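Q: Starting from these lines, generate the structure:
(chains A and B)
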Amino acid sequence: GAVVSQHPSRVICKSGTSVKIECRSLDFQATTMFWYRQFPKQSLMLMATSNEGSKATYEQGVEKDKFLINHASLTLSTLTVTSAHPEDSSFYICSPIQGSAYNSPLHFGNGTRLTVT
Amino acid sequence: DAKTTQPPSMDCAEGRAANLPCNHSTISGNEYVYWYRQIHSQGPQYIIHGLKNNETNEMASLIITEDRKSSTLILPHATLRDTAVYYCIVLFSGNTGKLIFGQGTTLQVKP
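A: Take a look at the predicted model:
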């Protein structure tokens, strides 16, 4: 069965509004959460890394004030796209990690398709 | 982490073996080769990984050359549901789980 639950699977919102995406690890405690973004016909790009109870680390070019990450518990992390604009329309995917990922398969959520109109 | 090179696309007939190559000529001794695939509009799915020995599981086989500079993912009997983008990724053994995805190979399985 699924080990990662990501919701919603798709969302349409109006420009200027905020959207929250949830990612839950079902079978383990996620000490680390990775958030990826994927534009059409492109590969996944890492946006940010969060560790439970501490501030997220953002990749170069990703605005931390726009993409708010909360990793308050070991089973839940959220990504909030604030004041969304059409250029934020993308496929967002989470990947929780338990401890070190050493020699372990990594699991991903099924993604959230965000469309900003 | 070492960079990988994959062909952008491949076709395979349904029921035949699909052999997907990956070059990782700069791989170092403590880096693993991982394979994932992404079916359209879904999150990536783990397939298999290995260090230097060939590996097999219920989904696929992974053949790593002796010099470890390249590998091949083999889907023994491809089905239409195997149509996806396949990513070959090299990860340091002490990796934190942070994956750098290349462009992958789009495999089209045809009836």
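Q: would you put the C-alpha positions of the lowest-mean-pLDDT helix or strand in chain B in PDB?
A: The helix or strand of chain B with the poorest confidence is strand B:84-92; it has a mean of 90 (mean pLDDT, DSSP states H and E). Extracted in PDB, the C-alpha atoms of strand B:84-92 (Å, rounded to 0.1, in the frame of the first residue of the first chain):
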ATOM      1  CA  ALA B  84       6.700   6.000 -18.500                       C
ATOM      2  CA  VAL B  85       9.700   8.200 -18.000                       C
ATOM      3  CA  TYR B  86      12.600   6.300 -16.500                       C
ATOM      4  CA  TYR B  87      15.200   8.100 -14.400                       C
ATOM      5  CA  CYS B  88      18.700   6.800 -13.700                       C
ATOM      6  CA  ILE B  89      20.200   8.500 -10.600                       C
ATOM      7  CA  VAL B  90      23.500   8.100  -8.900                       C
ATOM      8  CA  LEU B  91      23.600   8.600  -5.200                       C
ATOM      9  CA  PHE B  92      26.400   8.800  -2.600                       C
END
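Q: Could you list the paired strands of it along with their orientation?
A: Here strand B:84-92 is paired, per DSSP bridges, with strand B:31-38 (antiparallel), strand B:105-110 (antiparallel).
Q: Look at B:Y34 and say how many residues are nearby.
A: Using other CB atoms under 10 Å in any protein chain shown, B:Y34 has 22 neighbouring residues. Backbone N, C-alpha and C define where each C-beta goes, glycine included.
Q: my guess is A:K20 contacts A:T80, does it?
A: Yes - taking CB atoms under 8 Å as the definition, A:K20 is a contact partner of A:T80 at 4.7 Å.
Q: if we can go back for a sec, include distance to B:L80 when you put the strands paired with strand B:84-92 into JSON lines, please.
A: Listed next are these as JSON lines, based on distance: least, CB to CB, whole Å:
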{"stretch": "strand B:31-38", "distance to B:L80": "14"}
{"stretch": "strand B:105-110", "distance to B:L80": "5"}
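Q: Comparing those strands, which comes out most buried?
A: Mean neighbour count (mean count of other CB atoms under 10 Å in any protein chain shown) peaks for strand B:31-38 among the strands paired with strand B:84-92, with a mean of 22.
Q: How about residues contacting it?
A: A:44, A:103, A:105-106, B:1-2, B:20, B:22, B:24, B:27, B:44-51, B:60, B:62, B:64, B:68, B:71, B:73, B:82, B:84-93, B:95, B:99, B:104 (CB atoms under 8 Å, 6 or more residues apart in numbering or on different chains).
Q: Just the ones in strands from the residues you listed, please.
A: When strands are assigned by DSSP state E, the members of those inside them are B:20, B:22, B:45-50, B:62, B:64, B:71, B:73, B:84-92.
Q: Buried only: go through the contacts of strand B:31-38 for me.
A: The neighbour count (16 or more other CB atoms under 10 Å in any protein chain shown) marks A:44, A:106, B:1-2, B:20, B:22, B:24, B:27, B:44-50, B:60, B:62, B:64, B:68, B:71, B:73, B:82, B:84-91, B:95, B:99, B:104 as buried among the contacts of strand B:31-38.
Q: need the residues of chain A near chain B, please.
A: A:4, A:6, A:32, A:34, A:36, A:43-46, A:49, A:91, A:93, A:95, A:97, A:100-103, A:105-111, A:113 (CB under 8 Å from any CB of the partner chain).
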